[in-house]
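return a 3D structure for these sequence lines:
(2 chains)
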Number of protein chains: 2
Amino acid sequence: MFSKSEFRRQGHMIIDFLDDYYRDVENYPVRSQVEPGYLSKRLPESAPYNSESIETILQDVQKDIIPGLTHWQSPNYFAYFPSSGSIAGFLGEMLSTGFNVVGFNWMSSPAATELESIVMNWLGKMLKLPASFLFSSDGSGSSGGGVLQGTTCEAILCTLTAARDQMLNKIGRENIGKLVVYASDQTHCALQKAAQIAGINPKNFRAIATSKVTEFGLSPNSLLSTILADLELGLIPLFLCATVGTTSSTAVDPIGPLCEVTKRYGIWVHVDAAYAGSACICPEFRHFIDGVEDADSFSLNAHKWFFTTLDCCCLWVKDPNALVKALSTNPEYLKNKATESKQVIDYKDWQIALSRRFRSMKLWLVLRSYGVANLRSFLRSHVKMAKQFEGLIANDKRFEIVVPRTFAMVCFRLKPTAIFGQNLGENGRAYIVEDQTNKINQKLLESVNASGRIYMTHAVIGGIYMIRFAIGATLTEERHVNLAWKVVQEHTDTILGALDGKLN
Amino acid sequence: MFSKSEFRRQGHMIIDFLDDYYRDVENYPVRSQVEPGYLSKRLPESAPYNSESIETILQDVQKDIIPGLTHWQSPNYFAYFPSSGSIAGFLGEMLSTGFNVVGFNWMSSPAATELESIVMNWLGKMLKLPASFLFSSDGSGSSGGGVLQGTTCEAILCTLTAARDQMLNKIGRENIGKLVVYASDQTHCALQKAAQIAGINPKNFRAIATSKVTEFGLSPNSLLSTILADLELGLIPLFLCATVGTTSSTAVDPIGPLCEVTKRYGIWVHVDAAYAGSACICPEFRHFIDGVEDADSFSLNAHKWFFTTLDCCCLWVKDPNALVKALSTNPEYLKNKATESKQVIDYKDWQIALSRRFRSMKLWLVLRSYGVANLRSFLRSHVKMAKQFEGLIANDKRFEIVVPRTFAMVCFRLKPTAIFGQNLGENGRAYIVEDQTNKINQKLLESVNASGRIYMTHAVIGGIYMIRFAIGATLTEERHVNLAWKVVQEHTDTILGALDGKLN
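Have a look, this model is predicted:
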């Protein structure tokens, strides 16, 4: 089970295996090409009775697993949002796994708790979060602070539960059915799921419509009128999730003006900057979170666009006590002097689970191994490549940018005129044109993805089906962006060629 | 950010660093000896602007982090429950981290989903779980199945949410305040926390008293009378969490007889075998989960006593649709053909978070690398060492076993007679004797732990403070158990010597 010489031998073997993987990954089909059920045809129905060698297992990883992977680390990966790995992130995860401590409270490994508080303050300062979100260095208990969660879903569920219990303690638990949660219709589905889990009546979940006028950001006026309507019905406004960098189009909700509205009603505001938060360590992007000083909590996913392998969601709250009140348990078997001294943080009370990994190790390694300067320049290089891709699109009249690019994602589509020719709109069948345009773009995307050469995904916004080109995979370079555009053009040529004359 | 030659060089460096750590860990104080706030005195207040070398960082890990760790991987670690690592578990985590895929749905990496389903069936068969908990091989949709969660807390929250919504859909959401959750007073605090998060009224959480008569297992009669009293009040019984291997004393709730009670009331039964479930792959322990065929869900933590590094909780459910109904979200940006074909599993709908790591990789490596035969013999070796420790205690009249040992944990204490002499009970001050005995045992434990030579933790059961000696750290051998007992005896000699004559 644990021979030290075997640990070293097998550990080196895996490093070499992964190194070869990174060498080859550029050549693998990005989106896996297997069919549902492929793996059960290849693997036995039961676990082996006797041990198998690591050499055999690695052969099977190569033969059976790798073809079934969609290669998020491929430089040709432009789908969803990136899951940006890095050497430092990987090494940090190795150390954390190697120590394998269960840091539920301070005592169970002080370094795990203290390093987490320290790096959360480091990153908070890099983001210029207000001091009210950070641990105070004078050690006074009345400060904000940061915690590492697995994912934004968990961060939102924890803050929502804290907000809910704070409110129910005031108004009585019997009123749980009256609590209302607000967001825009662009907000990530994590919020809806969290609200469902936390027992918020699904009827009281408000996905407020957005439109092109506000570039799909949530309008404070719409929020206000929705709140007023709810108050009219005797409902109780509880929670707003504002997003900085929505999943569909990287839209930004205006935090400051939204907080102007919420503060009149005592609504907890969570800022979900899962994707775009990372960019805010660059001064030129920091303005997107202006107003955060009026929010109650703020989170970003370091595992998205901050080079820290999955999972690592950074959550800061102004009032950790609200979390602790909602989430703490204090069984006898965990009692210890350090906890009783109240000089320490027990992070188990800041999250859903009791057990927790030593995630701060990887964030620490990323921050130190690259430093603020390099991290900014990596992020800027992705934005620059997105601009490059925008430029390529602009040079091809068949395409258009659907929503303005803000960060490192470009949302584009084949224009109706490319499909129907210039005599559009003259025939009074606009809805058919839009519908067909959507279908052709869908076809284009599927055709590109099926080729395996690059992988992009889609979103529908304002009725428009658009292709999302999200840059952020760590291995992506300018040449991959150029290649990607070439692939898009080739598939466009084929699809439009086959259509020629059939639609207009 | 990602030079391939650097990946190989730095990766090997970390393997060697961890190999040295495992060589030295036996000699480190097991429970960290640092004081609260130690780390902020050693680290800078802000992240570095420029990059630092991995060599510098590793020096700091050695100098600043390792002293702040409580060494869960030390062979002298006997606290809480083990967090048993293994080479295969570590390698699996490396592969998973290296690929760094985000397997929210099938499409996002088919291998991640399919391998998970396969290994959950493998392990389910090893445990002889009824077929109703496994994926059917004929591919029909109407089967049970398994999923990897992070922790038991998450597994319970998901099943409780599923049970809650199933019930509320029948009786109306306005009745959420009437739902009741049942468990014994020995049940892990994860359940209470999950109930809190899921919006169950804290007043409707029943921690039913247990006693020595049932060896602290939940009595079906007590459960029945509690349910009847609740029905009398117009409340609605919802959920029972039965435990196989409680945290305090590894007590076992009788699943079959409890299900006899619950099935009359349509109560969802979850079996939490977080710790002891692993042992049930050995035929001689399997009977502890007899009756599981009548439960609705079953979970164990492979990261506890199954050689799979944190985190890895295995959850099987009979009716995955109940989970999916409560936890699914279906945003446009995740729509894809495979999902629409309904031929695949999208595990995002079986858990709290959307994003998910490729955890099945490490479970697969553990199962293959050791095989059923070795896994059984590892578990048995821990049980054997626990028996050995029991034997050592039996030879020292000052000590007693507080509750019978069932798995690999021994609960013991210094007897009152060792502290007060033989004239106990003659002076009519029994409660003082018990109170003092508890205090002396607490003192003994703190004295042992403060020495750093071994680490154990405590529980209080039936008013008795007892020391828990949990075997399961992968590096522990018989000699460590003998040494541990010697350490306990030495500290006992000192403490009793200092007391001599003062108490009786």
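
contacts, neighbours, all on C-alpha from now
Will do.

residue ranges with poor pLDDT in chain A?
For chain A, applying pLDDT under 70 flags the ranges A:1-2, A:4, A:138-142, A:423-428, A:501-504.

all helices of the stretch 201-350 of chain A, in order?
A:220-232, A:255-262, A:302-305, A:320-327, A:337-341 (DSSP state H, counting those that start in this stretch).

next structured bit after the last one?
In other words, helix A:337-341. Beyond helix A:337-341 on the C-terminal side, the first helix or strand identified by DSSP states H and E is helix A:360-394.

now that following helix: buried residues?
By neighbour count on 16 or more other C-alpha atoms under 10 Å in any protein chain shown, the buried set for helix A:360-394 is A:360-372, A:374-376, A:378-387, A:389-390, A:393.

any part of that helix near chain B?
Yes - using C-alpha under 8 Å from any C-alpha of the partner chain, helix A:360-394 reaches chain B at A:365, A:367-374, A:378.

for that helix, packing partners?
helix A:87-99, helix A:110-126, strand A:399-403, strand A:409-414, helix A:478-499, helix B:54-60 (3 or more C-alpha pairs under 8 Å, 6 or more residues apart in numbering or on different chains; DSSP states H and E).

list the contacts of the residue sitting nearest the centre point of chain A.
Nearest to the geometric centre of chain A sits residue A:274, at 4.3 Å (C-alpha atoms, centre = their mean). Residues in contact with residue A:274 (C-alpha atoms under 8 Å, 6 or more residues apart in numbering or on different chains) are A:152, A:244-245, A:299-302, A:304, A:313.

which of those residues fall in strands?
A:299-301, A:313 (DSSP state E).

any chance of those residues in JSON lines, with neighbour count and distance to residue A:33 too?
Below are the ones in strands among the contacts of residue A:274 laid out as JSON lines (neighbours: other C-alpha atoms under 10 Å in any protein chain shown; distance: C-alpha to C-alpha, whole Å):
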{"residue": "A:299", "neighbour count": "28", "distance to residue A:33": "35"}
{"residue": "A:300", "neighbour count": "26", "distance to residue A:33": "32"}
{"residue": "A:301", "neighbour count": "29", "distance to residue A:33": "29"}
{"residue": "A:313", "neighbour count": "23", "distance to residue A:33": "30"}
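
can I get those residues in CSV with distance to chain B?
Formatted as CSV, the ones in strands among the contacts of residue A:274 follow (distance: C-alpha to the nearest C-alpha, whole Å):
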residue, distance to chain B
A:299, 15
A:300, 14
A:301, 11
A:313, 11
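
residue B:3: which of those residues is nearest?
residue A:301 (23.7 Å; C-alpha to C-alpha).

check contacts around residue A:51.
Shown in contact with residue A:51 (C-alpha under 8 Å, 6+ apart): B:368-374.

tell me how many other residues crowd the nearest residue in space to residue A:234 that is not next to it in sequence.
Distances taken as C-alpha to C-alpha, 6 or more residues apart in numbering or on different chains place residue A:178 nearest to residue A:234, at 7.6 Å, with adjacent residues excluded. Per other C-alpha atoms under 10 Å in any protein chain shown, the neighbour tally for residue A:178 reads 19.

same deal with residue A:44?
11.
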